[in-house]
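Novice: sequence unavailable; structure follows:
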């Protein structure tokens, strides 16, 4: 939230454009103030009124909407160790089945660090350790380096 305020809410360039596109102001304000139900409504409004009708932005609409939802889920989940599916669905103004389905997709793809306990209806956040994050970074960078070396060896021989 600090980064959001510094980069977007406090930026004069953004504040200059907000009166022209009020739905963006609602989107930013509701995300910053943690009104996630209103945030989802503003996000849907933005999608229908500005993203889908635009020839330039339409191909990127699904990506943008998905990333904004992940941002909202992450912002809420990092504040708590565990939340019930009921409280999550109430916070976002959607059904429990919708929250469960979306969180399942995002957790499975590695975008959210959490676990869903379906029996008790609880979402538990899992915070990866610093060593694990460093290990994953080293593995990814090593893989990229190995691919580059293989590609260069094909060119040379």
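Specialist: Ah, there it is. None of these values were measured; they are calculated from a predicted model.

Novice: distance of the residue nearest to the spatial centre of the chain relative to residue 13?
Specialist: Nearest to the geometric centre of the chain sits residue 70, at 2.1 Å (C-alpha atoms, centre = their mean). Using C-beta to C-beta, to the nearest Å, residue 70 is found at 25 Å from residue 13. Where C-beta positions appear, they are placed from N, C-alpha and C, glycine not excepted.

Novice: same check, this time on residue 74
Specialist: Taking C-beta to C-beta, one finds residue 74 at 25 Å from residue 13.

Novice: of these two, who's got more company?
Specialist: residue 74 (16 against 7; other C-beta atoms under 10 Å).

Novice: backbone dihedrals for residue 84, please?
Specialist: In this entry, residue 84 is assigned phi and psi values of phi -80, psi 150 (degrees, to the nearest 10).

Novice: burial check on it, number of neighbours?
Specialist: For residue 84, using other C-beta under 10 Å, the count is 14.

Novice: can you check the one 3 residues further on too?
Specialist: Applying other C-beta under 10 Å, we find 17 residues neighbouring residue 87.
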